[in-house]
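**Q** quick one, what's the 3D model for this:
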Amino acid sequence: MQAPKILPWVARKAGISEGDALDAWRRALVDAAAYVGVRSGATFDRVAVDRFVALAHARASVLSARAARPAPSVTRRWPPGAVAQRCAA
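**A** Got it, this is the predicted structure:
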């Protein structure tokens, strides 16, 4: 089955690349075939598209969680005695 025409749109809406969306589509086809039992028919198509949208949403959540991590903090450490020298001056 060819990739759906909505694949680029779903990828843009989810904030993932079209390559990731295509991987999600291929995975959705495998999952739909396992669930329905055949690789044709309206039920298979519906399950495949539903699974594709769910996988795209899940990948978007993973990517946004990675992007939302705070940057590592850097603490500035003064050399020993530098604080005392600055206070004495």
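**Q** quick one: the residue lying closest to Glu18 once chain neighbours are set aside from Gly37, how far?
**A** Sequence neighbours aside, Ala11 is the residue nearest to Glu18 in space, at 4.9 Å (criterion: C-beta to C-beta, 6 or more residues apart in numbering). Yep, even glycine has a C-beta here, placed from its N, CA and C like the rest. Ala11 sits 29 Å away from Gly37 when distances are taken as C-beta to C-beta, to the nearest Å.
**Q** the helix or strand containing Val62: which residues count as buried?
**A** Using DSSP states H and E, Val62 sits within helix 42-67. Neighbour-count burial for helix 42-67 flags Phe44, Val47, Ala48, Val49, Arg51, Phe52, Val53, Leu55, Ala56, Arg59, Ala60 (criterion: 16 or more other C-beta atoms under 10 Å).
**Q** sketch out the low-pLDDT regions of the protein for me.
**A** Under the criterion of pLDDT under 70, the regions of the chain flagged as low confidence span 63-89.
**Q** can we see that at 80?
**A** Judged against pLDDT under 80, the low-scoring parts of the chain cover residues 1, 61-89.
**Q** comparing Ala11 and Gly37, which residue is more hemmed in?
**A** Ala11 (21 against 10; other C-beta atoms under 10 Å).
**Q** and that one, what does it touch?
**A** Ser17, Glu18, Asp20, Ala21, Ala56 (C-beta atoms under 8 Å, 6 or more residues apart in numbering).
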